[in-house]
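Peer 1: quick one, structure for this:
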Amino acid sequence: MHPNIIKIQESITSLKQEIINHKVYSAISELEDLRVFMEHHIFAVWDFMSLLKALQINLTCTSLPWFPVGDPVTRQLINEIVAGEESDVDADGAIKSHFELYLDAMDQCGANTKPINDFLNALKNGKSFNEAFDMANVPAAAKDFVNATFETINSGKTHLQAASFTFGREDLIPNMFYSMVNDLNSTQADKVSVFKYYLERHIEVDGDHHSHLALSMTEKLCEKEEAFWAEAEETTKQALQKRIDLWDAAYAEIVKNKVEAQLLNC
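Peer 2: Predicted structure coming up:
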């Protein structure tokens, strides 16, 4: 493995552990808690697709006339992941993107999908990101998360997009979270079975094969440019910190709701 890949991995160890050990997971014990988590997380699920599409646009040919662009292995990686994320299947075999599958999970769970749908509709109607955020009443941490992602996208620097994709968008959700979802599913399958399927499918599609190819992609894009490697490391840290901030916000709202519920029951 390239020494700069190892260096980045070592430099983000503490941030990854902070995500893996985040208190938000232990705070989720009821369906209402899961709804709050999903209402924040959906924005990360959505802008992941924009990050992936930016890489597809920059590293493959998406215009006419067609010409072979870039490294063939990288093209295969991007196109394979796009197919897996944009055109997967749900539990009934219907073709859906992972984003649409997540929305289905939110609907089943009773989570509020209005902010994400209003946000996307505003963008479709030509509103700016800031206008769309305001119109949809998007959580502040989700707004910051999306803005940071699009800052990387709009940089036009493929090595930064690749670094954020490879190191900053790993779904570092610990076993305790899967156990919690399984526990909820055992008693309320009619509320969380789609989300359980989403998690299982996400793990299956984003296996070791994609991880190794993504590392190779980042290495090819940074190559011998030490400045690129330094920028990639900084972008990765920023992406992980934004994930921590998003989890912090979800945790704060979950705790706030629990306190308010206790006061009402007193």
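Peer 1: rest of the way, CA atoms for contacts and neighbours
Peer 2: Fine.
Peer 1: so Val82 belongs to a helix, correct?
Peer 2: Yes. Assignment of Val82 by DSSP: H, G, I helix; E, B strand; the rest coil places it within a helix.
Peer 1: does it touch Leu52 like I think?
Peer 2: Yes. Under the criterion of Cα atoms under 8 Å, Val82 makes contact with Leu52 at 7.0 Å.
Peer 1: can you tell me the SS state at the closest residue to Val181 other than its chain neighbours?
Peer 2: Spatial nearest neighbour of Val181, excluding adjacent residues (Cα to Cα, 6 or more residues apart in numbering): Lys196 at 6.5 Å. Following three-state DSSP, Lys196 is assigned to helix.
Peer 1: same check on Lys258?
Peer 2: Assignment for Lys258 (three-state DSSP): helix.
Peer 1: circling back: which residues sit in contact with the residue nearest to Val181?
Peer 2: Lys196 is in contact with 178, 181-182, 185, counting by Cα atoms under 8 Å, 6 or more residues apart in numbering.
Peer 1: for these, which one is nearest Pro115?
Peer 2: For the contacts of Lys196, the minimum distance to Pro115 (Cα to Cα) is 23.6 Å, reached by Val181.
Peer 1: can you get me a residue count around that closest one?
Peer 2: Under the neighbour criterion other Cα atoms under 10 Å, Val181 is assigned a count of 23.
Peer 1: okay, buried residues for the helix or strand that contains it please.
Peer 2: Assigned by DSSP states H and E, Val181 belongs to helix 175-187. Residues of helix 175-187 classed as buried by neighbour count (16 or more other Cα atoms under 10 Å): 180-182, 184-185.
Peer 1: could you pull out the strands in this structure for me?
Peer 2: Secondary structure of the chain by DSSP state E: the strands cover 88-89, 95-96.
Peer 1: tell me what the first one is packed against?
Peer 2: In this case it means strand 88-89. Judged by 3 or more Cα pairs under 8 Å, 6 or more residues apart in numbering; DSSP states H and E, strand 88-89 is in contact with strand 95-96.
Peer 1: please enumerate the helices of the chain.
Peer 2: Assigned by DSSP state H, the helices in the chain fall at 3-11, 13-20, 23-27, 31-59, 72-86, 98-109, 114-124, 129-136, 140-154, 158-163, 175-187, 189-205, 208-222, 226-265.
Peer 1: among the ones you listed, which comes closest to Trp66?
Peer 2: Nearest of the helices of the chain (Cα to Cα): helix 31-59, 12.5 Å.
Peer 1: ok now the closest one, how far from the chain's centre?
Peer 2: Centroid separation between helix 31-59 and its chain, computed with Cα atoms, centre = their mean, to the nearest Å, is 4 Å.
Peer 1: ok and it relative to helix 175-187, angle-wise?
Peer 2: 120 degrees (axes from the mean of the first three to the mean of the last three Cα atoms, to 10 degrees).
Peer 1: before we move on, back to that, winner for burial among the helices of the chain?
Peer 2: helix 158-163 (a mean of 26; mean count of other Cα atoms under 10 Å).
Peer 1: what comes into contact with it?
Peer 2: Under the criterion Cα under 8 Å, 6+ apart, residues 51, 54-55, 58-59, 152-153, 214, 217-218, 221-222, 228, 231-233, 235-236 lie in contact with helix 158-163.
Peer 1: ok, now with 7 Å
Peer 2: 51, 55, 58, 152-153, 218, 221-222, 228, 231-232, 235-236 (Cα atoms under 7 Å, 6 or more residues apart in numbering).
Peer 1: nearest to Ile12, of these?
Peer 2: The shortest approach to Ile12 among these belongs to Thr236, at 7.9 Å (Cα to Cα).
Peer 1: mind listing what that closest one touches?
Peer 2: If you count contacts by Cα under 7 Å, 6+ apart, Thr236 has them with 163-164, 167-168.
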